[in-house]
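*Asks:* Provide a 3D model corresponding to the input given below.
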Amino acid sequence: MSMSLRRLRRFIRIRVVRTTLWLSIFFIFLIGTFVSFGTIRRAPLRPTPPSIVAKVNGWKIMRNDFDERLRNELSGGAHDVRTWVAIKHSVLDRVIDEILLRQAARKYRVRVSRRDIHKRIDEIVNERIAAQRREFRTLKEFTDWVRNNFGSLNAYRAKMRDELLDYRGAIELQTLQDKLRKIVESEVKVTDEDVRDEYCRVRLKHIQVSYDRFMKGKANPSPEEREKAAKLAEERAEKILEQLRGGKSFEELAKSESDDTATAGKGGDLGWLDLRQLSAMYGDEIAKAAKGTPVGKPTTPLRGITGYHIIKVEERKFEFPPEYYKARYRCTSCRHQWEVRDTRKEKPSACPKCNGKKIKVVWRGSKEVLNDVRRKMVDRAWFEFQNRLRSEAKIELIDPELAAYRAETYEGDREKALRLYKRALRYAETMEEPLVFPAAILYRVGSLYESRGKKELALQTYRRALSYDEDPALRLRIAAILKEQGKRDEALRELKKASEAISDPYDRLELARLYEELGMKKEAEQQRKLFQTELKERFGSSM
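*Replies:* Predicted coordinates:
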């Protein structure tokens with residue numbers, strides 16, 4: 001059947017329109033793709049902060065979560081250029097500790113149920129009600145207050161419970177910590193020997209051969225260099241011991257050989273110390289030797305925290321608290337009870353009331369002292385448990401700003417810190433990133449330059465920081481450097497600008513000091529008066 005001319009033209013027109021339309025769409029898409037890729041290639045890559053702040057045994061701390069925590073803890077993220085990076089690092093430390101606790105809970109199979117959380121909430125509510133009750137003289141006054149403000153005691157309880165449920169995460173974490181602490185506590189065994197150790201005091205002398213003597217002034221020696229220095233220190237200590245055995249005076253050798261400049265001139269005399277102090281200052285090995293070595297006999301070289309030591313105990317004593325010697329007695333005949341304050345001086349043989357001979361001890365102060373020692377040992381065990389979690393954990397700081405602060409403050413590696421701070425500045429100065437403040441990072445960089453004696457670089461860095469934040473702390477540092485450079489007029493101009501912007505009263509004291517050093521005594525006195533006035537305004541008349 002033949003197609004009519006009209007139908008043929010209509011069919012062709014539809015096919016042409018459709019083909020043209022689809023070809024147009026295809027070419028538009030193709031051109032758009034090329035343009036997009038060309039734009040991407042031409043656009044400069046802007047550095048961005050890493051999305052992961054840190055890893056704790058593989059557990060990621062995401063930036064969004066960390067920033068949210070920072071905002072919550074700092075009520076909006078108010079900052080100061082001197083302390084901001086340190087504050088961020090302290091918040092990160094708390095987050096890391098919480099993660100380590102949760103990981104430890106998994107290891108020990110400790111769980112917190114919904115029932116545990118509600119039980120803890122009830123305990124907090126009861127504690128608060130009891131504390132509020134003590135604010136009133138009578139129960140009726142307290143009941144009236146509750147009725148007037150909340151309608152009933154149950155309504156008061158319900159209100160507090162609702163408020164506490166907003167802090168469910170914190171309560172869960174605290175409950176988890178309490179359960180872990182009980183596990184640690186269950187492993188602490190206290191004996192009479194532990195009590196004696198707690199109250200043991202020794203007077204001793206020592207000769208120290210420090211590791212630093214063989215480090216050749218290196219600020220960051222390698223582990224191999226440290227071990228080599230320790231070996232050399234031990235060898236030197238052995239030679240000193242040979243001289244002691246050969247009859248040389250301990251005191252004279254301490255004066256000529258000891259690296260402890262504070263005690264060398266006194267013949268190595270450390271005075272009276274308890275075992276805990278010795279352990280903290282010199283190490284556990286020295287404390288253990290001080291407890292057990294015979295009085296008057298020098299020890300063999302002992303490895304300590306900062307070097308090898310030869311110690312000689314001059315005297316040893318036990319200073320128990322007065323409660324240790326107290327006791328309470330009861331007469332089994334007349335049931336009379338009495339307390340003896342010092343059982344060393346008084347040991348009753350009869351009841352003071354009926355003169356009966358059948359008496360028994362119902363309480364000893366030594367048991368209370370034992371319990372006190374146990375509480376201290378539990379606290380130490382928990383502290384050591386937390387430290388062990390830290391030391392055994394693989395903690396990787398990915399955020400360069402926070403890694404720089406750790407390198408600067410904890411590792412003492414200024415070069416590494418400077419390198420990381422500069423890396424953080426790449427994104428801090430090119431984009432508006434919440435809770436990343438270029439001025440705070442630049443302040444740390446300027447401080448590092450100052451510590452290395454690069455005053456001009458520090459000055460440039462502080463001025464660069466001012467373009468982001470008119471913090472008076474920056475102007476105070478600029479003025480201090482200008483003063484050292486002899487640029488008095490410029491320094492005074494910076495101090496004047498700082499004085500107009502100061503919000504922290506204690507900055508007035510630094511301002512006064514700089515004014516005084518520049519010969520402006522009147523301005524210095526004015527700043528001290530302002531300090532007193534602002535302090536009273538902030539803290540009230542109690543100041």
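*Asks:* from here on, contacts and neighbour counts on C-alpha atoms
*Replies:* Noted.
*Asks:* any idea which helix or strand carries Val295?
*Replies:* Remark: Val295 resides in no helix or strand, with elements defined by DSSP states H and E.
*Asks:* how many other residues sit next to it?
*Replies:* Per other CA atoms under 10 Å, the neighbour tally for Val295 reads 16.
*Asks:* list the contacts of it.
*Replies:* Lys312, Val313, Glu314, Glu315, Arg316 (CA atoms under 8 Å, 6 or more residues apart in numbering).
*Asks:* and the second one, which of the three is it?
*Replies:* Put plainly, it is Val313. Secondary structure of Val313, reduced to three states by DSSP: H, G, I helix; E, B strand; the rest coil: strand.
*Asks:* residues near it, how many?
*Replies:* Neighbour count of Val313, defined by other CA under 10 Å: 22.
*Asks:* was I right about it contacting Ala289?
*Replies:* No: the criterion here is CA atoms under 8 Å, and Val313 misses it with Ala289 at 9.2 Å.
*Asks:* return the distance of stretch 229-247 from the chain's centre.
*Replies:* Chain-centre distance of stretch 229-247: 38 Å, with CA atoms, centre = their mean, to the nearest Å.
*Asks:* return the per-residue confidence for the most centrally placed residue in the chain.
*Replies:* Residue closest to the average C-alpha location in the chain (CA atoms, centre = their mean): Ser90, at 6.1 Å. Per-residue pLDDT puts Ser90 at 94.
*Asks:* what does Pro44 give?
*Replies:* At Pro44, pLDDT is 50.
*Asks:* tell me who's in contact with Val362.
*Replies:* Contacts of Val362 (CA under 8 Å, 6+ apart): Ala327, Arg328, Tyr329, Arg330.
*Asks:* strands - which of those residues land there?
*Replies:* Ala327, Arg328, Tyr329, Arg330 (DSSP state E).
*Asks:* which one of the residues you listed is nearest to Lys487?
*Replies:* Comparing these against Lys487 with CA to CA picks out Ala327 as the nearest, at 73.9 Å.
*Asks:* excluding chain neighbours, what is closest to that closest one?
*Replies:* Closest residue to Ala327 apart from its sequence neighbours, by CA to CA, 6 or more residues apart in numbering: Arg364 at 4.4 Å.
*Asks:* quick check, that neighbour in contact with Pro322.
*Replies:* No: in this structure, Arg364 is not within contact of Pro322 by CA under 8 Å, at 11.8 Å.
*Asks:* pLDDT at the residue nearest to Ala327, what is it?
*Replies:* Predicted confidence (pLDDT) for Arg364: 93.
*Asks:* for Lys497, see how far away it is.
*Replies:* When distance is defined by CA to CA, to the nearest Å, Arg364 is 68 Å away from Lys497.
*Asks:* also Val202?
*Replies:* Between Val202 and Lys497 the computed distance is 57 Å (CA to CA).
*Asks:* over to Glu163?
*Replies:* Note on Glu163: its distance to Lys497, by CA to CA, is 46 Å.
*Asks:* let me see the ranges of the strands in the stretch 151-300 of the chain.
*Replies:* 200-210, 269-274 (DSSP state E, counting those that start in this stretch).
*Asks:* who has more neighbours, Val202 and Lys497?
*Replies:* Val202 (22 against 14).
*Asks:* tell me the contacts of that one?
*Replies:* Neighbouring residues of Val202 by CA under 8 Å, 6+ apart: Gly271, Trp272, Leu273, Asp274, Leu275, Ala290, Lys291, Val313, Glu314, Glu315, Arg316, Lys317.
*Asks:* find the nearest non-adjacent residue to it, please.
*Replies:* With CA to CA, 6+ apart as the criterion, Val202 has its nearest non-adjacent residue at 4.5 Å, and that residue is Arg316.
*Asks:* in which helix or strand does that neighbour reside?
*Replies:* According to DSSP H and E, Arg316 maps onto strand 307-318.
*Asks:* again with Glu516
*Replies:* Residue-wise, Glu516 maps onto helix 505-517 under DSSP H and E.
*Asks:* follow-up on the earlier one: elements contacting the helix or strand the residue nearest to the centre of the chain falls within?
*Replies:* With elements taken from DSSP H and E, the one containing Ser90 is helix 84-107. Using 3 or more CA pairs under 8 Å, 6 or more residues apart in numbering; DSSP states H and E as the contact test, the elements touching helix 84-107 are strand 52-56, helix 63-74, helix 168-186, helix 365-392, helix 400-406, helix 438-451.
*Asks:* buried ones in the longest one?
*Replies:* If you call a residue buried by 16 or more other CA atoms under 10 Å, then helix 365-392 has these buried ones: Gly365, Ser366, Val369, Leu370, Val373, Arg374, Met377, Val378, Ala381, Trp382, Leu389.
*Asks:* how many neighbours does the residue nearest to the fifth one when sequence neighbours are not counted have?
*Replies:* Distance criterion CA to CA, 6+ apart; nearest residue to Val373, sequence neighbours excluded, is Val195 at 6.4 Å. Look at Val195: counted by other CA under 10 Å, it has 19 neighbours.
*Asks:* please apply the same query to the one 5 residues further on.
*Replies:* The local packing count at Cys200 equals 19, with neighbours defined by other CA under 10 Å.
*Asks:* beta partners for it?
*Replies:* For Cys200, the beta-bridge partners under DSSP bridges are Phe318.
*Asks:* ok, it touching Asp274?
*Replies:* Yes: counting by CA under 8 Å, Cys200 touches Asp274, with 5.9 Å between them.
*Asks:* hang on, the earlier thing: Arg364 and Pro322: who's more crowded?
*Replies:* Set Arg364 next to Pro322 and count neighbours by other CA under 10 Å: Arg364 wins out with 18 against 12.
*Asks:* how close does the more buried one get to Tyr410?
*Replies:* 47 Å.
*Asks:* one more: Gln485?
*Replies:* Taking CA to CA, one finds Gln485 at 31 Å from Tyr410.
*Asks:* try Val85
*Replies:* 14 Å.
*Asks:* so for the two, which residue has more residues nearby?
*Replies:* Neighbour comparison, Val85 and Tyr410: the larger count goes to Val85, with 22 against 9 (by other CA under 10 Å).
*Asks:* surely the more buried one meets Leu442?
*Replies:* No: at 10.6 Å, Val85 does not count as touching Leu442 under the criterion of CA under 8 Å.
*Asks:* number of residues surrounding Asp116?
*Replies:* Residues near Asp116, counting by other CA under 10 Å: 15.
*Asks:* give me the secondary structure label for it.
*Replies:* Classification of Asp116 by three-state DSSP places it in helix.
*Asks:* okay, it: pLDDT?
*Replies:* 95.
*Asks:* got the contact list for it?
*Replies:* Applying CA under 8 Å, 6+ apart to Asp116 gives the contacts Thr175.
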